[in-house]
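Student: Here is a sequence with its predicted model. Questions after.
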Amino acid sequence: MDYLLAVVDPRLTEQVYPTSWTEDYWPRQLLTLFTLTLLFAFVMYFSVAAVCYVLLYNRCSSLHPLFKPRQIVSEIRRTLSTMPFIVFATSILFLVEVRGYSRLHDGHFWRLWTLVEAATYVFFTDMAIYFLHRLLHTPRLYAHFHKPHHVWKVPTPFSGQATTAIDSVLLSSPYHIFVFLVPLNKILYLIMFSMINVWTIAIHSGGYNVPQYLHHHVMDSQHHDIHHRLTNYNYGQYFTLWDHIGGTYLGSSSGISRVITSSPPTSELCIRRKSGGEFKDYYETLRQEHEKKMSARQQDYERQMAQRQMDHEKEKLDRLEDSKKDSIGSHGKKMSARQQDYERKISQRQTDHEREKLDRREDSKKNSIGSRLQREFASDRMERLRGRYRRLHNIEIPAIIMESASMEMP
């Protein structure tokens, strides 16, 4: 982008910007980059989409039941409403690159190493976009950011950029992240960035199909049509490598893709339209026949889904009953173990209680025997003292005095 700034920016010095804004002043560079990128985006979008619409797009796809009324007008309106915000975010990244914070270089363009840089750029961006695209299809992010792009079940070239600003900035971020990690030629960077925008519009055209021997390796319109209608397959940008690795690849030859992404048999209608014949009645007949076929297929699909739901509910109930039985069995085992512990504790308590009773009984017996012996000893002693005093003094001592004396003597 610094090449474009060097060419365009000096011409705007006197006409647009104040003289105090030098060429290295970052607001001036940002404003110039925003203007150039916005102009480039609009020209690229309308010119490439118009060419793809004329050369690649099957205009008989408008007969498809999923094709919305005034769909192309809605796609252009959404693109025009989000384009300035997308371009502003891209201009900020361009400004950081222009001011020398990236690994872009001015090396020779016509050399073998340039092919290595281009192959590395394509490989890295294809891998990063696959994982970012798959991340945007998670329920929370999909509902807020990416779902508006999938409103168009039958995409046209004008739906390539018809999305939210955050969705577009996230999916385009790998193109800018790469130049901060790996050296890349500046001219090659501009060419690759332009070709990516062309590719994005072309795979939404419905008629950009690669040869059959490359169908399982290169992403084309058939793969992206399947992605728009089934939403959980074919997340890649250029190749199907990461879809094969991640298990999200679905080719146009598979049965489910033929059923869900099938279009009305419009070959005869297209021939009559090109020849200028009257086709209004035939168009209505084709639409009615296709709607009958699609309704029958839809009924079969709903029947299968209902059967699957019933089988799933039955499996759920069986698992719930098995878990209840297991829980009851484990609970019974736990309760029996607890009951055994409880009975063991009760028997131990009874044993301890009986032992304590026996100990108390023995202690009471010992205490009663000791007190009886003590009383007998005290009475004998008292009689001996009484006889001693009587012999010494020939007097009679009262029993209470002798009793107290016997208690005081050692």
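Tutor: That came in fine, so what should we check first?
Student: Going by residue numbers, what spans are helices in the stretch 151-300 of the chain?
Tutor: Using DSSP state H, counting those that start in this stretch, the helices assigned to the stretch 151-300 of the chain run over residues 165-181, 186-202, 221-230, 241-246, 255-260, 267-275, 280-393.
Student: List phi and psi for the residue most central in space within the chain.
Tutor: Residue closest to the mean C-alpha point of the chain, counted by CA atoms, centre = their mean, is Thr138 at 4.7 Å. Main-chain torsions, Thr138, degrees, to the nearest 10: phi -70, psi 150.
Student: can you list the weak-confidence ranges in the chain?
Tutor: 1-15, 252-290, 329-334, 369-370, 372-373, 375-377, 389-390, 392-410 (pLDDT under 70).
Student: what does the domain assignment say about it?
Tutor: Listed by automatic domain parsing, the domain ranges of the chain are 2-262, 303-408.
Student: Can you tell me which of the ones you listed is packed in deepest?
Tutor: The highest average neighbour count among the domains of the chain, using mean count of other CB atoms under 10 Å, belongs to domain 2-262 at a mean of 17. In this view, the C-beta of every residue, glycine as well, is placed from N, C-alpha and C.
Student: could you dump the domains of the chain to TSV with distance to Met294?
Tutor: Shown next, in TSV, are the domains of the chain (distance: least, CB to CB, whole Å):
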stretch	distance to Met294
domain 2-262	6
domain 303-408	15
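Student: Leu132 belongs to a helix, doesn't it?
Tutor: Yes - secondary structure of Leu132 (DSSP: H, G, I helix; E, B strand; the rest coil): part of a helix.
Student: my read: it touches Ser173, true?
Tutor: Yes - Leu132 lies in contact with Ser173 (CB atoms under 8 Å); the separation is 7.4 Å.
Student: Relative to Pro65, which of the helices of the stretch 151-300 of the chain is closest?
Tutor: Across those, the minimum distance to Pro65, taken as CB to CB, is reached by helix 280-393, at 6.0 Å.
Student: Which elements pack onto that closest one?
Tutor: helix 267-275, helix 399-408 (3 or more CB pairs under 8 Å, 6 or more residues apart in numbering; DSSP states H and E).
Student: Identify the residues contacting stretch 136-148?
Tutor: Arg78, Leu135, Ala162, Thr163, Thr164, Ile166, Asp167, Leu170, Leu171, Thr231, Asn232, Tyr235 (CB atoms under 8 Å, 6 or more residues apart in numbering).
Student: Which single one of those is nearest to Gln309?
Tutor: Using CB to CB, the contacts of stretch 136-148 come closest to Gln309 at Asn232, 18.4 Å.
Student: Over to the closest one: give its phi and psi.
Tutor: phi -110, psi 20.
Student: thought it was touching Tyr249?
Tutor: No - counting by CB under 8 Å, Asn232 stays clear of Tyr249, with 11.2 Å between them.
Student: residues touching Gln304, list them.
Tutor: Contacts of Gln304 (CB under 8 Å, 6+ apart): none.
Student: Quick check: it vs Arg297, distance?
Tutor: Applying CB to CB, to the nearest Å, the value for Gln304 to Arg297 is 11 Å.
Student: do the same with Ala128
Tutor: 37 Å.
Student: Quick check: Leu56 touching Ser205?
Tutor: Yes - counting by CB under 8 Å, Leu56 does reach Ser205; the two are 4.2 Å apart.
Student: Find the residues that touch each one of these two.
Tutor: Pro157, Ser221.
Student: and of the helices of the stretch 151-300 of the chain, who's closest to Glu117?
Tutor: helix 186-202 (6.2 Å).
Student: now the angle from the closest one to helix 165-181?
Tutor: Angle of helix 186-202 versus helix 165-181, following axes from the mean of the first three to the mean of the last three CA atoms, to 10 degrees, is 150 degrees.
Student: what's in contact with helix 186-202?
Tutor: Outside helix 186-202, the residues that reach it (CB under 8 Å, 6+ apart) are 1-3, 41, 44-45, 48-49, 52, 56, 104-106, 109, 114, 117-118, 121-122, 125, 157, 160-161, 175, 179, 208, 221, 237-238.
Student: Can I get that helix in CSV, CA atoms only?
Tutor: Extracted in CSV, the C-alpha atoms of helix 186-202 (Å, rounded to 0.1, in the frame of the first residue of the first chain):
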residue,chain,number,x,y,z
LYS,A,186,4.7,-6.0,-1.3
ILE,A,187,3.6,-6.4,-4.9
LEU,A,188,2.7,-10.0,-4.4
TYR,A,189,0.7,-9.0,-1.3
LEU,A,190,-1.4,-6.6,-3.3
ILE,A,191,-2.0,-9.2,-6.1
MET,A,192,-2.9,-11.9,-3.6
PHE,A,193,-5.2,-9.6,-1.7
SER,A,194,-7.1,-8.7,-4.9
MET,A,195,-7.3,-12.3,-6.1
ILE,A,196,-8.8,-13.4,-2.7
ASN,A,197,-11.6,-10.9,-3.2
VAL,A,198,-12.2,-12.3,-6.7
TRP,A,199,-12.2,-15.9,-5.4
THR,A,200,-14.7,-15.0,-2.6
ILE,A,201,-17.2,-13.6,-5.0
ALA,A,202,-16.6,-16.4,-7.6
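Student: Kindly calculate the angle that that helix makes with helix 221-230.
Tutor: 60 degrees.
Student: Show me how far helix 186-202 is from its chain's centre.
Tutor: 30 Å (CA atoms, centre = their mean, to the nearest Å).
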